[in-house]
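Asks: sequence? don't have it. structure:
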Ligand SMILES: *Cc1c(COP(=O)(O)O)cnc(C)c1O
């Protein structure tokens, strides 16, 4: 079904920056610069600067970034890694795929890991905490880093949904051993296929990722430094991302403006819980505008049947999928929010009139 208001509009987004993108395409194609050329290097430098780290290493996806980070930290069989029960499945799969055991922890009202539940989940086998900054709002890294320091744990930040978010002025992805990024098309910074990166201040981790993304090879000497992977960020995608990264500051302003429009128009509805936290330490970027409706599916179906494409991630928590073989030890907050979540259209290509329409449809559900 074609929605009157799609969740995102990739074709319209392209029109916003068509001249720059087309120029980059012709430059890359004319010179045949496909693998690890200047565009990748430039994007890595600019991404590191944007996040506030010394290094960034371009990879093929957010999943690869998570996987590479755990490998770089030497995490594997026999180790436990703490991960939130409410996140995209890749956060957990990366842990399983290095041979470690994920230990799931419930989330709090802000959709991020409930920091109070981290210490009770730590055992002698715990090696790391995989923190996820969901929907453009950071987890409380001040407290997470304190706990990690006290127990000598590695912190990997799954920052795939929070490029540009900060806590006390310090960027998501600059706190832990690595920050992990996804440039999947519909992320806040999206390319035109798969893409990802890690950011880090650790030169050994950066070097490890630079080699392992290219089958373990040191490109200067030809020496293989380990059994690696094929998970390099394409030079063409890097060229596009470098352009989009320059637009991020203005795009974040626009996202915050849209979030404010939703807030102004919907905050009087008692059955809607809106994603605003009013904690001045946090700078949120609204990768998603995920609200909770007491009416769950009735509300989200009403939006869809009136032409507004909404996402309901995730009605079924990942640990409930049988094929993943995970233990459901009871996560009440994740259960509750899973029934209620509904993400409204949030992107930089949407018009004010379209936002007004989304608001009108949402209000009409409660006014009938
Ligand atoms: C998108 C996403 C990922 C995975 O990114 P891919 O590039 O699709 O592999 C991981 N974690 C979170 C929280 C994400 O939103």
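Replies: Yep, it's here. Just so we're clear, the structure is a prediction, and the values are computed from it rather than from any experiment. Numbering: from 1, shown residues only.

Asks: all contacts plus neighbour counts: C-alpha atoms, from now on.
Replies: Noted.

Asks: Mind listing what's buried along stretch 354-368?
Replies: Buried residues in stretch 354-368, counted by 16 or more other CA atoms under 10 Å: 355, 357-359, 361-362.

Asks: same thing with stretch 337-351?
Replies: Buried-residue list, stretch 337-351, by 16+ other CA under 10 Å: 337-350.

Asks: what sits against residue 198?
Replies: Neighbouring residues of residue 198 by CA atoms under 8 Å, 6 or more residues apart in numbering: 56-59, 65, 69, 178-181.

Asks: rerun that using 6 Å as the cut-off
Replies: When contacts are counted by CA atoms under 6 Å, 6 or more residues apart in numbering, residue 198 is found next to 56-57, 65, 179-180.

Asks: so of the residues you listed, which ones are in strands?
Replies: 56-57, 179-180 (DSSP state E).

Asks: Residue 67 is in contact with residue 94, isn't it?
Replies: Yes - Residue 67 lies in contact with residue 94 (CA atoms under 6 Å); the separation is 4.8 Å.

Asks: Touching, residue 188 and residue 286? I think so.
Replies: No - look at residue 188 against residue 286 with CA under 6 Å: they stay out of range, at 8.4 Å.

Asks: Just to be sure, residue 287 is in a helix?
Replies: No - under DSSP: H, G, I helix; E, B strand; the rest coil, residue 287 sits outside any helix and is assigned coil.

Asks: show me the contacts for it.
Replies: Contacts of residue 287 by CA under 6 Å, 6+ apart are 135-136, 161, 188.

Asks: Closest to residue 197 out of those?
Replies: residue 161 (12.8 Å; CA to CA).

Asks: Next, the contact list for the closest one, please.
Replies: 134-136, 287.

Asks: mind redoing it with 7 Å?
Replies: Going by CA atoms under 7 Å, 6 or more residues apart in numbering, residue 161 touches 133-136, 187, 287.

Asks: name the element it belongs to?
Replies: Using DSSP states H and E, residue 161 sits in no helix or strand.

Asks: Okay, it and the ligand: tell me how far apart.
Replies: 5 Å (CA to the nearest ligand atom, to the nearest Å).

Asks: try residue 38
Replies: Counting by CA to the nearest ligand atom - residue 38 and the ligand are separated by 22 Å.
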